[in-house]
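In: Following is a predicted model, sequence given first.
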Amino acid sequence: MRPLDEKETTQVFEKLFKFTGPNLKHLLERPAVEGPDAEPGRYCLRLNRNRVYYASEALVRRATAVSRPRLAGVGTPIGKFTHHGAFHLTVHALDLLAAHARRRVWLKPDTERSFLFGNSVPKSSLARITENTKAGDGVVVMSMADVPLGFGIAARSAQDCRKADTNAVVVLHQADAGEYLRKEEELM
């Protein structure tokens, strides 16, 4: 387990910034609550076997006692690097993104299941959308009860959604909570 290098850090921060915006600083600067240390540390990002983990500094210090081949991971896995070097957020990052998201989309209750099966969000499924959403922005998809279901990329701005056809895609699917069941083997 090692810290991310400059190129990797840039890729991870760019992807996270797409969803959190200026709230990204709160993600890493908030005090950690894990560990018996009297002084709470901060959170940091670490890389282990092409997966990026979000963990407290106290937890990372304790993990140094475990040999690399035996260490599966430390903290919350938020994404992974592909063989070509691109960074992809995984469904594990949903709780972090939902807590710090800048833009959200709410789905109608009867259409949540379609999104959880891995489909993109058409306009007919849309209940609400954050007002200043632009095409290409990262959005967190929520139920009407404010439960985070997943995240994706806005295919249309909030203004364009009003004029769009009912079958037009509004949010391109990236990850959803249903992946825990569909891709159980890949997520481990």
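Out: Perfect, I can see it now.
In: Now do the helices in the chain.
Out: With DSSP state H, the ranges of helices along the chain come out as 6-20, 24-29, 57-63, 94-100, 112-116, 158-163, 179-182, 184-187.
In: Can you name the residues that contact Ala168?
Out: If you count contacts by C-beta atoms under 8 Å, 6 or more residues apart in numbering, Ala168 has them with Pro122, Lys123, Ala155, Arg156. For the C-beta atoms, the positions are set from N, CA and C on the backbone; glycine is no exception.
In: Can you give me the neighbour number for the first one?
Out: Other residues near Pro122 number 19, with proximity taken as other C-beta atoms under 10 Å.
In: contacting residues around it?
Out: By C-beta under 8 Å, 6+ apart, the neighbours of Pro122 are Thr166, Asn167, Ala168, Val169, Val170.
In: That one bridge partners, please.
Out: Val169 (DSSP bridges).
In: any idea of the pLDDT on it?
Out: Pro122 carries a pLDDT value of 94.
In: same check, this time on the last one
Out: With respect to pLDDT, Arg156 has a value of 93.
In: Hmm, Asp165 and it touching each other?
Out: No. Contact criterion C-beta atoms under 8 Å: Arg156 and Asp165 do not qualify, at 10.6 Å.
In: ok, the two, which is more surrounded?
Out: More crowded of Arg156 and Asp165, by other C-beta under 10 Å: Arg156, with 20 against 9.
In: Tell me how far the more buried one lies from Val141.
Out: 14 Å (C-beta to C-beta, to the nearest Å).
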